[in-house]
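> Structure for this input, please:
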Amino acid sequence: MKKLFEGIGILSLICVSFLYTEKTVNVVKEYDEIMISIKEENENYKVDAKDATIIDDTIIPGIKGKEVNINSSYSQMKRYGKFNSNLLVYQEVLPEISISENLDKYIIGGNAEKNMISFIFLVEENDSIDTVLKILDEKDVKGNFFVDGKWLEKNNKILVTLIEQGHNIGNLSYNRDYTNSSYGWMDTFIKQVGKQKIGYCYNEIADLTALQLCALSNNYTIRPNIIVKNYPLKEIKEQVSAGSIISMPINKTVEKELPTIISFITSKGYKIENLENHLSESINMN
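Here you go, the predicted structure:
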């Protein structure tokens, strides 16, 4: 019994010693000039997160903030031997209101601060996307192809290739009817076979049933703020702004004017991106 108590005593002393040593190290670290400099600079590099904007049944993504990861930055600089702003390590700060938690809202645009726009090409049963895809490849632009179920039945291999090339695929179900029982298999094909992380539905007018069905599938529902009708270049010139989502049919007029549309948009300083990048709330951590 005596040896047992002696063992417990020794173990207790080791634990107390360890805790004391750890506290001592932390105290010393707090008074280290490197740590003091990091904490002083933290406010200069901190960027507050911005919440998504919700108006009625619509939403526009927010943007994550960033702040200095003090302990990681300290570890980096301690090895270097002095404070160096180039060695600061950042961590993201999440917005309190995010699009990922509001799938029951229509996304009507991207955050304007990101200075991006996105093209949505509406692909019906008998459409050929070859010309549009060739133009996008030549211009090094990533698009978003929202496809009808009957088109997917005939072109499932092409769909997988599009995703691999960095384009995004949207789900139009069959004739844009999201109550169609085949909507689910399309969603599964895009995500499981195509390995696309995020799914997208499409509406031009309010459709609560479709919105709810897409939300249940963990999909975003896009309602473009520019819907091209007859004169693609003219309509886009008149309406485009930072954050715009532009939907276009596949037809000869769009194919003819698409190169000029891309040149016009890039001349305005906008970057043309797929929806995944456009709607992402992440920021540049540098």
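> okay, CA-based contacts and neighbour counts for the rest of this
Will do.
> A helix includes Glu153, no?
Yes: the assignment for Glu153 is a helix, going by DSSP: H, G, I helix; E, B strand; the rest coil.
> Okay, now the unreliable bits of the stretch 51-200 of the chain?
For the stretch 51-200 of the chain, no stretch is flagged by pLDDT under 70.
> 80 - rerun?
The stretch 51-200 of the chain contains residues with pLDDT under 80 at 73, 77, 80-81, 85.
> Where do the helices of it begin and end?
All helices of the stretch 51-200 of the chain, identified by DSSP state H, counting those that start in this stretch, fall at 70-80, 130-139, 149-164, 183-188.
> packing partners for the top strand by length along the chain?
What stands out as the longest strand in the chain, according to DSSP state E, is strand 116-123. The elements that strand 116-123 packs onto, with contact taken as 3 or more CA pairs under 8 Å, 6 or more residues apart in numbering; DSSP states H and E, are strand 144-147, strand 245-249, strand 271-272, helix 275-279.
> so it versus helix 130-139, what angle?
160 degrees (axes from the mean of the first three to the mean of the last three CA atoms, to 10 degrees).
> Partner strands of strand 116-123 and their direction?
Strand pairing for strand 116-123, determined by DSSP bridges: strand 144-147 (parallel), strand 245-249 (parallel), strand 271-272 (parallel).
> Out of the ones you listed, flag the one nearest Thr53.
Proximity to Thr53 (CA to CA) singles out strand 245-249 among these, at 16.0 Å.
> any idea which element Glu43 lies in?
Using DSSP states H and E, Glu43 falls within helix 33-45.
> Pull the residues that contact that helix.
Under the contact criterion CA atoms under 8 Å, 6 or more residues apart in numbering, helix 33-45 has outside partners Lys29, Glu30, Glu67, Val68, Ile70, Ser73, Tyr74, Met77, Lys78, Lys82, Phe83.
> likewise stretch 84-100?
When contacts are defined by CA under 8 Å, 6+ apart, stretch 84-100 is touched by residues 48-52, 59-70, 72-73, 76-77, 282, 285-286.
> Reformat the strands paired with strand 116-123 as TSV; add distance to Leu233 and mean neighbour count.
Converted to TSV, these look like this (distance: least, CA to CA, whole Å; neighbours: other CA atoms under 10 Å):
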stretch	distance to Leu233	mean neighbour count
strand 144-147	18	24
strand 245-249	11	23
strand 271-272	15	21
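> Next, format those as TSV and append distance to Ser128.
Converted to TSV, the strands paired with strand 116-123 look like this (distance: least, CA to CA, whole Å):
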stretch	distance to Ser128
strand 144-147	11
strand 245-249	11
strand 271-272	22
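> And those: which comes nearest Leu211?
Nearest of the strands paired with strand 116-123 to Leu211, taken as CA to CA: strand 144-147 at 16.0 Å.
> ok, back up a step: can I get the helices and strands packed on strand 116-123 in a markdown table with distance to Glu43?
Below are the helices and strands packed on strand 116-123 laid out as a markdown table (distance: least, CA to CA, whole Å):
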| stretch | distance to Glu43 |
| --- | --- |
| strand 144-147 | 39 |
| strand 245-249 | 35 |
| strand 271-272 | 30 |
| helix 275-279 | 27 |
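> ok so, going back, show the buried residues in the contacts of stretch 84-100.
49-52, 59-70, 73, 76-77, 282 (16 or more other CA atoms under 10 Å).
> Let's see which of these end up in strands.
Per DSSP E, the buried ones among the contacts of stretch 84-100 map to strands at Ile59, Ile60, Gly65, Lys66, Glu67, Val68.
> pretty sure the second one contacts Gly109?
Which is Ile60. Yes: using CA atoms under 8 Å, Ile60 is in contact with Gly109, at 5.6 Å.
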